[in-house]
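J.: got a predicted model here, sequence first, then my questions.
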Amino acid sequence: MASKKKINIQLLKIMRKEAGLTQAELATRLGVSRETISAIENEKPETVASLSIELIEKWWRVCGKTSSQKIKSQFAQNIVNFFNFEFNNKQ
């Protein structure tokens with residue numbers, strides 16, 4: 001039985017914390033409620049299931065700049081795996 005691919009929510013939470021933002025501050029910057037950020041970080045199934053790529057991209061833009069290289073790499077790999085991206089360097 002294949003497992004359903006998931007965005008690693010803990011990486012989002014770590015990025016927020018590394019950016020020095022509270023849930024409320026991040027929510028304001030993303031244009032969502034603090035409750036939404038809390039629900040995402042607490043992995044509420046209905047909220048996580050409705051995550052849009054746009055919201056994840058905004059989260060990355062706000063928090064990714066201050067994230068450690070390790071978290072940036074893990075996040076990038078998680079997104080690549082989640083969306084089944086394949087990079088072909090052959091032309």
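T.: Looks like it came in fine.

J.: helix, strand, or coil at the residue most central in space within the chain?
T.: By Cα atoms, centre = their mean, the mean C-alpha position of the chain lies nearest to Leu12, the distance being 4.1 Å. Leu12 falls in the helix class when you classify it by DSSP: H, G, I helix; E, B strand; the rest coil.

J.: now do the helices in the protein.
T.: 9-18, 23-30, 34-41, 45-49, 53-63, 69-82 (DSSP state H).

J.: as JSON lines, these with mean pLDDT would be great.
T.: Listed next are the helices of the chain as JSON lines, based on pLDDT from 0 to 100:
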{"stretch": "helix 9-18", "mean pLDDT": "95"}
{"stretch": "helix 23-30", "mean pLDDT": "98"}
{"stretch": "helix 34-41", "mean pLDDT": "97"}
{"stretch": "helix 45-49", "mean pLDDT": "89"}
{"stretch": "helix 53-63", "mean pLDDT": "93"}
{"stretch": "helix 69-82", "mean pLDDT": "89"}
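
J.: what's near enough to touch the residue lying closest to Lys58 once chain neighbours are set aside?
T.: Once flanking residues are discounted, Lys58 sits nearest to Leu30: 5.0 Å by Cβ to Cβ, 6 or more residues apart in numbering. C-betas here are computed from N, CA, C, even on glycine. Leu30 makes contact with 37, 55, 58-59, 62 under the criterion Cβ atoms under 8 Å, 6 or more residues apart in numbering.

J.: separation between Leu30 and Ser73?
T.: Applying Cβ to Cβ, to the nearest Å, the value for Leu30 to Ser73 is 23 Å.

J.: try Thr66
T.: 15 Å.

J.: what about those two, which has more around it?
T.: Counted by other Cβ atoms under 10 Å, Thr66 and Ser73 do not tie: Thr66 has more neighbours, with 15 against 11.
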